[in-house]
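Participant: Starting from these lines, generate the structure:
(4 chains)
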There are 2 protein chains.
Amino acid sequence: MSSADDARVELMRELKAASQLQHAWIMQAWQDDPGLHPAAAMLLSDLAKHGEARPSELAKRRFVDLSVISRQISQLSAAGMVDRRPAPEDGRASIISISERGRAELGRRRAGYLEFMERALGDWDDEKVLELTTRLAEMNADVRAALSVRTCDV
Amino acid sequence: MSSADDARVELMRELKAASQLQHAWIMQAWQDDPGLHPAAAMLLSDLAKHGEARPSELAKRRFVDLSVISRQISQLSAAGMVDRRPAPEDGRASIISISERGRAELGRRRAGYLEFMERALGDWDDEKVLELTTRLAEMNADVRAALSVRTCDV
DNA sequence: CGAATAAAGTTGTACTGTACAAGTAGCCGG
DNA sequence: CCGGCTACTTGTACAGTACAACTTTATTCG
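Facilitator: Here you go, the predicted structure:
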């Protein structure tokens, strides 16, 4: 195996580690402040960033099964974090949007997240954060493309 | 929220996306070629990289509960991928090492992984891969440090 | 030395996050 | 207005993980 290959194996390893770590601190934060499951909170964050949408659109946006979105919406709706209104022109669907309460909750959680990041990455300048984020986004886009190709033609 | 904060929220989002994507293609690859659970394969990879160790050491290395390692070892052992020998000086523990068969299997899986990476990140030069890997590793180290602090003193 | 305590590992249980499959309700083309 | 398609919901399964109870072996201390 070439050293270039090694680098790619290392990349996978670090990605795995990053997932685990993220999971660990999300879970820890959640136990300190329960009331909304982490994955549902991510959906809320998506709604805040990209705006209202129908469940099936949300599923595509987040790259998960529609059933996952359906349950997350149930939970968020029960907690009053999102509003659902019937989709005009389609009685099967509804349109989901973040509620005021959801926005407030999201702000609160985000503050907790940023506080942790401040502690963890305190000495990273904004440049560095941005660079890593950009590279990751790029990688995600490329991986997504490769996965789609695979499901379609192989 | 400042734009610097935005960057950090974005980072979290991309990390989450990366985990999901990684999970998606690992699962896909696993269904094409079953026989060893992905997490167990990661343990095998760890054993290949860092060498033999006791279960409790492996748990620390991989930042997971000992019970997780215990079950993964059971599986790997049943599949003949690892050897366990009693730890000298401690009858409670055993020492786990990768077997020849495990090494072969790992090579096979790694080849599959690299093939996928080639397709997904084909136009990334080694520099770019290395840079992302390094940054991620750095972040992981910092996050780990922050998590430890938290569990100890907060 | 022997009893109490600690540590290493195993096994039982629970829970998140996810996917797939089956079911239900609304839409649409003939 | 009926057969098939689509959007969603609900049931079920499984990976991956953590925590807690238990077993066996070490260690420490009276």
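
Participant: And A:Gln20, how close does it get to chain B?
Facilitator: Distance, A:Gln20 to chain B, using C-beta to the nearest C-beta, to the nearest Å: 6 Å. Yep, even glycine has a C-beta here, placed from its N, CA and C like the rest.

Participant: Would you mind giving both backbone torsions of the residue of chain A found nearest DNA strand C?
Facilitator: Nearest to DNA strand C in chain A, going by C-beta to the nearest atom of the strand, is A:Gly91, at a distance of 2.7 Å. The phi/psi pair for A:Gly91 (degrees, to the nearest 10) reads phi -70, psi -10.

Participant: Check A:Asp83 too.
Facilitator: The phi/psi pair for A:Asp83 (degrees, to the nearest 10) reads phi -110, psi 140.

Participant: what is it paired to in the beta sheet?
Facilitator: Judged by DSSP bridges, the bridge partners of A:Asp83 are A:Ser97.

Participant: pretty sure it is touching A:Ser99, no?
Facilitator: Yes: with contact defined as C-beta atoms under 8 Å, A:Asp83 counts as touching A:Ser99 (5.0 Å).

Participant: what's the distance between the most centrally placed residue in chain A and DNA strand D?
Facilitator: Chain A has A:Met42 as the residue nearest its centroid, 4.5 Å off, counting by C-alpha atoms, centre = their mean. The gap separating A:Met42 from DNA strand D is 17 Å, by C-beta to the nearest atom of the strand, to the nearest Å.

Participant: domains for chain A, by residue range?
Facilitator: For chain A, the TED database gives the domain ranges A:1-32, A:35-123.

Participant: Now do the strands in chain A.
Facilitator: A:82-86, A:94-98 (DSSP state E).

Participant: could you redo those strands as JSON lines and give each row mean pLDDT?
Facilitator: Shown next, in JSON lines, are the strands of chain A (pLDDT from 0 to 100):
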{"stretch": "strand A:82-86", "mean pLDDT": "96"}
{"stretch": "strand A:94-98", "mean pLDDT": "98"}
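
Participant: Please identify the most buried of these.
Facilitator: Mean neighbour count (mean count of other C-beta atoms under 10 Å in any protein chain shown) peaks for strand A:94-98 among the strands of chain A, with a mean of 18.

Participant: now it, how far from the chain's geometric center?
Facilitator: In terms of C-alpha atoms, centre = their mean, to the nearest Å, the centre of strand A:94-98 is set 17 Å apart from its chain centre.

Participant: ditto for stretch A:104-112
Facilitator: Centre-to-centre, stretch A:104-112 and its host chain are 15 Å apart (C-alpha atoms, centre = their mean).

Participant: who's in contact with the nearest residue to A:Ala53 once chain neighbours are set aside?
Facilitator: Nearest residue to A:Ala53, sequence neighbours excluded (C-beta to C-beta, 6 or more residues apart in numbering or on different chains): A:Ile96, at 6.3 Å. Counting by C-beta atoms under 8 Å, 6 or more residues apart in numbering or on different chains, A:Ile96 touches A:Leu47, A:Glu52, A:Ala53, A:Arg54, A:Pro55, A:Leu58, A:Ile73, A:Val82, A:Asp83, A:Arg84.

Participant: what's the spacing between the closest residue to the fourth one other than its chain neighbours and DNA strand D?
Facilitator: Across the structure, with C-beta to C-beta, 6+ apart as the measure, the residue nearest A:Arg54 apart from its sequence neighbours is A:Ala93 (4.7 Å). Remark: distance between A:Ala93 and DNA strand D (C-beta to the nearest atom of the strand) = 3 Å.

Participant: For the biggest helix by length in chain A, give the mean pLDDT please.
Facilitator: If you go by DSSP state H, chain A has its longest helix at helix A:3-32. Averaging pLDDT along helix A:3-32 gives 86.

Participant: ok, now stretch A:48-57?
Facilitator: Taken as a whole, stretch A:48-57 has a mean pLDDT of 96.

Participant: Would you indicate which residues of it are buried?
Facilitator: Neighbour-count burial for stretch A:48-57, counted by 16 or more other C-beta atoms under 10 Å in any protein chain shown, picks out A:Ala48, A:Ala53, A:Arg54, A:Pro55.
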